[in-house]
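> Make a model of this:
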Amino acid sequence: MTSTPAVPATAAVVLDPATRRRVLTCMCLALMLVVAFMPALNLALPDIGLDLSASFTALTWIVDSYTVALAGLVLPLGALGDRVGRRAVLVAGTVVFGGAAFAAVASSSTTALIAWRAVMGLGAAMIMPGTLSTVTAVFPPDRRGRAVAIWSACAGVGSILGMLASGALLEWFSWRSIFLAGGCAAAVMALASVLWAPETKDPSPGRFDATGAVCTALAPGALAYALIAGNEEGWGAPHVVAALAVSVIAGMAYAVLGRRAENPLLDPRLFRVRDFAAGSVTLTVQFMVLFGFYFVGLQYLRLILEYGPLKSAVALVPVALVVVPVSLVAPPLAQRYGVRAVLACGLGLLGSSLVALSLLTAASGYVPFLGSLLLAGLGLGLTGPVGTTAITGSLPADQQGVASAANDATREVGAALGVALMGSVFGNRYRSSLTMDLGGLPEAAADAVRRSPVGGLYVAGRLGPRGTALAEDVRNAFMSGMSAAVVAVAVVTAAAVCVLCTGGRRRKPGGFAGRTGA
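Predicted coordinates:
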């Protein structure tokens, strides 16, 4: 098999249909590799918690370090791909991703595992931007909408496939096998990218926006750190206050300096374009809901319903069965009823799924959980492709690189903040909801109960009949924490719906700066 030749960024119709399908397949597989590893470890958190004696805060960082790195670096590394070639950066990213995954196999502490997960996030940030940019480059305008819808659906399916693979591995092997499989998958993806992906880049990228790169990395990263650290060490702790200040200052600097930059990574004035802003808000909240849902939902299945890892993953499959068909009919619905109406409806369904989830108790079982899952699937199917198309369709052809960067950044920022917010609220409410007096336990055991539900149930299991009351208390505290966490994100979702319903007039995108290219 020969490599696909490089194509100019503006020559979207030079590739024959068979070649375009091959490129789309390659880009979707690369996207699925990145997305699969965002929730993959949620299934393994109980095992990791016991193996590495991890607190709930450490478990939150193990999940979120990958997403925070991806969210903070996706814009500058997307700009790098525009300059040196998107395929080159994508292939390099698979090498970084795979190498870090293999290194994580040998992790003996939570610190090491968090660090290697962050490096994997760096590799993912090199991979992800080029996928959508390449798709929009090689598909002509009349076929681009369907290709983007398939790309968007693969993002949702990728997370489910990642959890299914993780569940299957955990049935027979340790949590370390997930990283080993990820490293092998990255090696295969590197070869496929070399053979199938065309090389595209911006012929006139302009000056690199170093200030914008720093600001867009610091703002979400510092906020995620503050949310997670504030939960355990108190919101008045100096470093937590400092992190919040850094996040605010970086965000303000991005808004001010981005307007003055000659070639900003993402011009803040683009958010004045109505559909661009609507798509950005929607995708941010969508991924906040999705990955926060995975974070607490999978632990509900494993710790409360006592499902095994594979059964827990299979229990989430119905969401994919809903997302895929709804994703395909969502673009025609948007054409008929309007983009903002479909997006608001989708977010409303996501918010309803969170409210339904908040009403569960330790005795609810799977069927009510399934109901909230199906509502979430409907919302995801409506918001994903329409939100992405709203972003890409609101900008002209020579700004599709900007559209791709915004699409990637909003998704990852939403995922990072969703896990951080839910983890913070959950941990705080869990500890405050424990009612039993732990004074009769050894200090190490009592600390394990307070640190995480995993530790609490482990201690209860070691106490024999005496542990029944403790296990019930831990489970009730878990449900209280989960309810508070999903309600917090439901409030954010409701606010986003209000923004969509009261948005201002449409503005034309012409005249905005930003990194361009298809």
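> Over to residue 208. Which of the three states is it?
Recorded secondary structure, residue 208: coil (DSSP: H, G, I helix; E, B strand; the rest coil).
> what about the spatially closest residue to it that is not a sequence neighbour, neighbour count?
Of all residues not flanking residue 208 in the chain, residue 79 sits nearest, at 6.4 Å (CB to CB, 6 or more residues apart in numbering). From N, CA and C alone the C-beta is placed, and that goes for glycine too. A count of nearby residues for residue 79, using other CB atoms under 10 Å, gives 28.
> Can we start the residue count at 195 from this point?
With the count now opening at 195, the last piece we talked about shows up as residue 273.
> Give me the buried positions along the helix or strand harbouring residue 273.
In this assignment (DSSP states H and E), residue 273 forms part of helix 250-278. For helix 250-278, burial by neighbour count (16 or more other CB atoms under 10 Å) applies to 250-277.
> Pull the number of nearby residues for residue 366.
Residue 366 has 9 neighbours, counted by other CB under 10 Å.
> residues touching residue 289, list them.
Going by CB atoms under 8 Å, 6 or more residues apart in numbering, residue 289 touches 317, 380, 384.
> could you redo these as JSON lines and give each row distance to residue 225 and pLDDT?
Formatted as JSON lines, these follow (distance: CB to CB, whole Å; pLDDT from 0 to 100):
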{"residue": "317", "distance to residue 225": "14", "pLDDT": "94"}
{"residue": "380", "distance to residue 225": "13", "pLDDT": "93"}
{"residue": "384", "distance to residue 225": "15", "pLDDT": "89"}
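> Filter the residues you listed down to the ones in strands?
Counting by DSSP state E, the contacts of residue 289 place none of their members in strands.
> can you give me the helices in the stretch 395-544 of the chain?
Assigned by DSSP state H, counting those that start in this stretch, the stretch 395-544 of the chain shows helices spanning 404-427, 432-454, 468-493, 503-508, 511-531, 533-552.
> hmm, I was thinking of the stretch 195-344 of the chain
Using DSSP H, counting those that start in this stretch, helices in the stretch 195-344 of the chain cover 211-230, 239-245, 250-278, 280-298, 304-332, 335-366.
> Please identify which of the contacts of residue 289 is nearest to residue 635.
Lowest distance from residue 635 to the contacts of residue 289 (CB to CB) belongs to residue 317, with 42.5 Å.
> Can you give me the neighbour number for the closest one?
Residues near residue 317, counting by other CB under 10 Å: 29.
> How about residue 467?
Neighbourhood size, residue 467 [other CB under 10 Å]: 21.
> follow-up on the earlier one: can you put the contacts of residue 289 in a markdown table and add distance to residue 493?
Shown next, in a markdown table, are the contacts of residue 289 (distance: CB to CB, whole Å):
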| residue | distance to residue 493 |
| --- | --- |
| 317 | 26 |
| 380 | 27 |
| 384 | 33 |
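> Let me know the closest of the residues you listed to residue 641.
Using CB to CB as the measure, the one of the contacts of residue 289 that approaches residue 641 most closely is residue 317, at 35.2 Å.
> so what's the residue nearest the centre of the chain up against?
Nearest to the geometric centre of the chain sits residue 609, at 3.5 Å (CA atoms, centre = their mean). Residue 609 makes contact with 232, 261, 264-265, 481-482, 484-485, according to CB under 8 Å, 6+ apart.
> secondary structure element for it?
Assigned by DSSP H and E, residue 609 falls within helix 594-627.
> starting at the chain centroid, how far to that helix?
Distance of helix 594-627 from its chain centroid, counting by CA atoms, centre = their mean, to the nearest Å, is 7 Å.
> Output the below-cut-off pLDDT ranges for the stretch 495-644 of the chain.
For the stretch 495-644 of the chain, applying pLDDT under 70 flags the ranges 590-596.
> Same question for the stretch 295-444 of the chain.
Confidence mapping of the stretch 295-444 of the chain against pLDDT under 70 gives the ranges 350, 396, 399, 425.
> Which pLDDT value goes with residue 208?
Residue 208 is assigned 58 on the pLDDT scale.
> nearest residue to residue 499 other than its sequence neighbours?
residue 560 (6.2 Å).
> pretty sure the one you found is in contact with residue 508, am I right?
No: using CB atoms under 8 Å, residue 560 is not in contact with residue 508; the gap is 11.0 Å.
> out of these two, which sits in the more crowded spot?
residue 508 (17 against 14).
> In this structure residue 639 contacts residue 652, no?
No: counting by CB under 8 Å, residue 639 stays clear of residue 652, with 9.2 Å between them.
> Relative to residue 499, which of the helices of the stretch 195-344 of the chain is closest?
helix 239-245 (12.5 Å).
> Any idea how far that closest one is from the middle of the chain?
22 Å.
> that older thread, how big is the angle separating the helix holding residue 609 from helix 335-366?
For helix 594-627 against helix 335-366, the angle by axes from the mean of the first three to the mean of the last three CA atoms, to 10 degrees is 30 degrees.
> could you point out which element follows helix 594-627?
Next along from helix 594-627, by DSSP H and E: helix 637-645.
> Enumerate the positions of that next one that are buried.
Buried residues in helix 637-645 (16+ other CB under 10 Å): 639-640, 642-645.
> likewise stretch 363-377?
363-364, 369-377.
> any chance of those in TSV, plus distance to residue 287 and secondary structure?
Shown next, in TSV, are the buried residues of stretch 363-377 (distance: CB to CB, whole Å; DSSP: H, G, I helix; E, B strand; the rest coil):
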residue	distance to residue 287	secondary structure
363	23	helix
364	26	helix
369	24	coil
370	22	helix
371	23	helix
372	19	helix
373	17	helix
374	19	helix
375	18	helix
376	13	helix
377	13	helix
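> Domain-wise, how is this structure divided?
211-392+457-695, 403-456 (automatic domain parsing).
> among those domains, which is the most enclosed?
Each of these was scored by mean neighbour count; the highest is domain 211-392+457-695, a mean of 22, by mean count of other CB atoms under 10 Å.
> Compute the first-to-last residue distance for it.
39 Å (CA to CA, to the nearest Å).
> Cool, thanks, signing off.
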